[in-house]
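K.L.:
Got a sequence here, can you model it:
(4 chains)
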Number of protein chains: 2
Amino acid sequence: MLISELAELTGVSARALRHYEDRGLLVPARDSSGYRDYSESDVTRVARIRAMISAGLGTAAIQRYLDCARTGDHGVSLEMCPDLRAELDSLAGRLNARQAELRETQQRLSELISVRG
Amino acid sequence: MLISELAELTGVSARALRHYEDRGLLVPARDSSGYRDYSESDVTRVARIRAMISAGLGTAAIQRYLDCARTGDHGVSLEMCPDLRAELDSLAGRLNARQAELRETQQRLSELISVRG
DNA sequence: GTATGGGTTCACGTCAGCGTGAAGGTCAAG
DNA sequence: CTTGACCTTCACGCTGACGTGAACCCATAC
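P.N.:
Predicted structure coming up:
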């Protein structure tokens, strides 16, 4: 199918799909005139990519682990690959750190507001 | 005093101090040879700048409101300027939104980890 | 004189996932 | 033939507080 069709089906912009190709996440076939030709299975592949992005994974990490992912009854899950567990734990740690920073920022902001001059 | 001295006193890099000057937040005098010549009061001014940055304010907003700030017994506080209240409330709203997004991300990540394949 | 250890002003790099034209080829329809 | 709606490949813009050389001036000690 054409890129606009896959974009429609997945709700992901055509630009984003091209971006995924640049990152090596989703490399479709090409027809005789150079148009990208996506398969049906690419719909679920895009879903996996989106799930991992929304979980905070970068495209580089996604490329390393995308083939560990599968779509099950309860949404997207990941078959364990070596190092994947560590990578995810690391990411969770960074998210927690960011969360703590954000709370600090909110705290300082509220002080700035409430203390008054 | 020289830029390196102020940097040492405040713990802010010389590059950052020059950046603040570019943004119009801290514009020191110059000596006969063109060197930046900071005053003692610039130490507290840098503290105010850092406090506002760490509260999530951008340099543009800081420039508009820096002179509303003062250093009191309980840290940095802000004298109210017109529009400042609204600006801070707006910022607080964005921080809350970011916080919510982050929690969503953490949620999706934990699902990715716990569901298993 | 010169080897240092400052200082100065540009100005691009960083981090990242796309948005957004720009310039031009492809193809079904009027 | 000519729209017009797609497609293609660049390649800069965005968000923003700095990091990091590059190339050059200033001052002090040797």
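
K.L.:
ok, residue A:48 - how many residues close by?
P.N.:
22 (other Cβ atoms under 10 Å in any protein chain shown). Where C-beta positions appear, they are placed from N, C-alpha and C, glycine not excepted.

K.L.:
surely it meets residue A:66?
P.N.:
Yes - counting by Cβ atoms under 8 Å, residue A:48 does reach residue A:66; the two are 6.4 Å apart.

K.L.:
then stretch A:12-21 to PDB, C-alphas only?
P.N.:
In PDB, the C-alpha atoms belonging to stretch A:12-21 read as follows (Å, rounded to 0.1, in the frame of the first residue of the first chain):
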ATOM      1  CA  VAL A  12       1.000   8.200  12.000                       C
ATOM      2  CA  SER A  13       2.000  11.000   9.600                       C
ATOM      3  CA  ALA A  14       3.700  10.200   6.300                       C
ATOM      4  CA  ARG A  15       6.600  12.300   7.400                       C
ATOM      5  CA  ALA A  16       7.000  10.200  10.500                       C
ATOM      6  CA  LEU A  17       6.900   7.000   8.500                       C
ATOM      7  CA  ARG A  18       9.700   8.300   6.300                       C
ATOM      8  CA  HIS A  19      11.600   9.300   9.400                       C
ATOM      9  CA  TYR A  20      11.300   5.700  10.700                       C
ATOM     10  CA  GLU A  21      12.700   4.500   7.400                       C
END
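
K.L.:
For that stretch, list every residue counted as buried.
P.N.:
A:12, A:16, A:17, A:20 (16 or more other Cβ atoms under 10 Å in any protein chain shown).

K.L.:
Between those residues, which sits nearest chain B?
P.N.:
Nearest to chain B, judged by Cβ to the nearest Cβ, of the buried residues of stretch A:12-21 is residue A:12 at 16.2 Å.

K.L.:
quick one: the closest one from residue A:48, how far?
P.N.:
Distance from residue A:12 to residue A:48, counting by Cβ to Cβ, to the nearest Å: 12 Å.
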